[in-house]
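>>> structure for the following, please:
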Amino acid sequence: MVREAITSSTRRKFIKSAGVAGTVALAGCAGNGDNGGDSGSGSGNGDNSDGGSTGNTGSESYEITFWELFSGGEGPIMESIVNKFNEEQPLDTDAEVTINRQRTPWNEYYNKLFTALSGGEAPDMAIMHAAYLRAWSGGVDSIGTYADTASIKSDYTASHWDLVTVDGNVNALPMDMHPLGVYYNKDLFEQAGLDPESPPTNWEEFQQAGNAVVENTDAHAFTQSPYNDGFGSYRVWSSWVKQQGGSLYDEEWNPTFDNEAGQNVAQLFSDMTGEMGWSKPTSEANWGNNAFQNGTCAMAMNGTWYVAALANVDGLNWGFFEPTVGPNKQQDKVWADGHSIVLPKKQGRSDAKSEIAAEVAHWMTTQNPSWGAEAGHLPAANSIYESDAFQNSPYYDKTLNKYVEMAEDGDYFYHPKVPNGDPNAQNWYTWLVDIWAQNSEPQEAIDSGIQTVSNGISE
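Down below sits the predicted model:
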């Protein structure tokens, strides 16, 4: 097999496509206020060697450097998956293969990965959010170079496979999908005179619930993002825009969210912290997370990863409902992204080692139900959905079965994989926090957002 080397022209192309990689922020999951988990492990230095192998998979050993970004409840689960691989040696090869896992905090991760790729010192495998697979395509090897993607495609759900496919190229192997949901405090619902076992299913019920909390308790009704961050706000805002039938970009990557649906939801954000009185008008980081976990906010919109954080909160009696509760809804659409495993371009890595790394990535994404059962994500592998570990998960009846139902109904949409810049950048969407905090009028903020996103894509 012939792998494209990172030539000077390739590197220039990658650096241009990565654009603002130095300011990347995640789609959610690993961080965003959940910093109490894994502190990282692994002693490798990300060099270019083949870990002591000669390239002969029959008898030699391979150390696969693996970079990831998981913290909170996810970090220990990923650590256990790596330990399981190293102990069990599950690949069908005589070679000893070990994973050298190296964790970088989420707010530093993509900066570090970008620097390593630019300097030719990349890891053998790395976690990458699927939203980045287009902009970073110059820095990763298509997984099909080293794995027979036609034979393993059926191992994954069609929606996950689509998530990692860019212009017909399978750029990664999918590990999970992590969409949005609404987490709610059952005790506050009961105090507000609501049925804690019958959460809202549409806008009218959602509005009634929020108003009842405000009128009958001392709590806030809703937080648009527990972290009160730009991208977290955008996940919710864009979901409700799509539910109204609005668009986000045109075919030439021009942002189009200054449409009627975008204006409507921007006004709703302003009203929620204004005349509706559902939330405190604030730009304080993590305000919603603190309020929800302290029992002073009734509803929080967040992704699958939130279950791992809430599981450690003593006395919090929480439930979950589908976030298809936006006003003027025309369709059920909910934001989703997913973690994937990529093979970064790496000088000096042999084809044999790259093939081993692809096998490791396949094992990690198909043979570990704990990633869904314990971390709360929707697993990419078809077989995991029927496994006892997944269906007996403590989260199955609370969140996972509803996420699965939304997947089966085709409710998920992905933010477009833009050709340049960072679609998950916090600074692309701070205008939404400004609306929430009553620092900007909705139309003024949208105009600012259009300009910011346009600049980010064109840089």
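
>>> apart from its neighbours in sequence, what residue is nearest Pro369?
Ala389 (3.9 Å; CB to CB, 6 or more residues apart in numbering). C-beta here means a position set from N, CA and C on the backbone, and glycine is covered the same way.

>>> got a list of what the one you found touches?
369-370, 373 (CB atoms under 8 Å, 6 or more residues apart in numbering).

>>> mind running it again at 10 Å?
The neighbourhood of Ala389, defined by CB atoms under 10 Å, 6 or more residues apart in numbering, consists of 368-370, 372-374.

>>> and which of the residues you listed is nearest Ser142?
Asn368 (23.4 Å; CB to CB).

>>> residue ranges of each domain in the protein, please.
Listed by automatic domain parsing, the domain ranges of the chain are 23-175+338-393, 180-336+417-458.

>>> on that earlier part again, most neighbours, which of the contacts of Ala389?
Most neighbours among the contacts of Ala389, by other CB atoms under 10 Å: Gly372, with 29 neighbours.

>>> look up the closest residue to that residue, ignoring the ones flanking it.
Leaving out its chain neighbours, the residue that sits closest to Gly372 by CB to CB, 6+ apart is Pro379, at 3.9 Å.

>>> burial of the one you found, as a residue count?
Neighbours of Pro379 under the rule other CB under 10 Å: 28.

>>> pull out the buried positions in the helix or strand in which Ile77 is found.
Counting by DSSP states H and E, the element that carries Ile77 is helix 74-88. Within helix 74-88, the residues scored as buried using 16 or more other CB atoms under 10 Å are 74-79, 81-82, 84-85.

>>> could you do stretch 406-423 as well?
406-407, 411-415, 417-418, 420-423.

>>> next: stretch 303-312.
Of all the residues in stretch 303-312, those buried under the rule 16+ other CB under 10 Å are 303-310.

>>> restricted to strands, list those.
Those of the buried residues of stretch 303-312 mapping onto strands are Gly303, per DSSP state E.

>>> among the buried residues of stretch 303-312, which lie within helices?
Of the buried residues of stretch 303-312, the ones assigned to helices by DSSP state H are 306-310.

>>> show me which of the residues you listed has the smallest pLDDT value.
Lowest pLDDT of those: Ala308, 84.

>>> and the residue lying closest to that one once chain neighbours are set aside, how many neighbours?
Leaving aside its chain neighbours, Ala308 sits nearest to Gly73 (2.3 Å; criterion: CB to CB, 6+ apart). Using other CB under 10 Å, Gly73 has 23 neighbouring residues.

>>> do Ile99 as well
24.

>>> so what pLDDT did it get?
In this model, Ile99 is scored at 98, pLDDT.

>>> helices of the stretch 151-300 of the chain, start to end?
Counting by DSSP state H, counting those that start in this stretch, the stretch 151-300 of the chain has helices at residues 158-163, 186-191, 203-216, 230-243, 260-272, 287-293.

>>> can I assume Trp318 is in contact with Leu310?
Yes: judged on CB atoms under 10 Å, Trp318 makes contact with Leu310 at a distance of 5.7 Å.

>>> on that earlier part again, deepest of the helices of the stretch 151-300 of the chain, which one?
helix 230-243 (a mean of 26; mean count of other CB atoms under 10 Å).

>>> centre of the chain to that one, how far?
Relative to the chain's own centre, helix 230-243 is displaced by 14 Å; criterion: CA atoms, centre = their mean, to the nearest Å.

>>> between that helix and helix 260-272, how big is the angle?
For helix 230-243 against helix 260-272, the angle by axes from the mean of the first three to the mean of the last three CA atoms, to 10 degrees is 120 degrees.

>>> report the longest strand in this structure, please.
Secondary structure assigned by DSSP E gives strand 176-185 as the longest strand of the chain.

>>> adjacent strands (with direction) for it?
According to DSSP bridges, strand 176-185 forms sheet pairs with strand 297-303 (antiparallel), strand 318-321 (antiparallel), strand 334-337 (antiparallel), strand 378-379 (antiparallel).

>>> tell me the contacts of Asn171?
Per CB under 10 Å, 6+ apart, neighbours of Asn171: 128, 130, 132-134, 136-137, 140-144, 164-165, 340, 342-343, 417.
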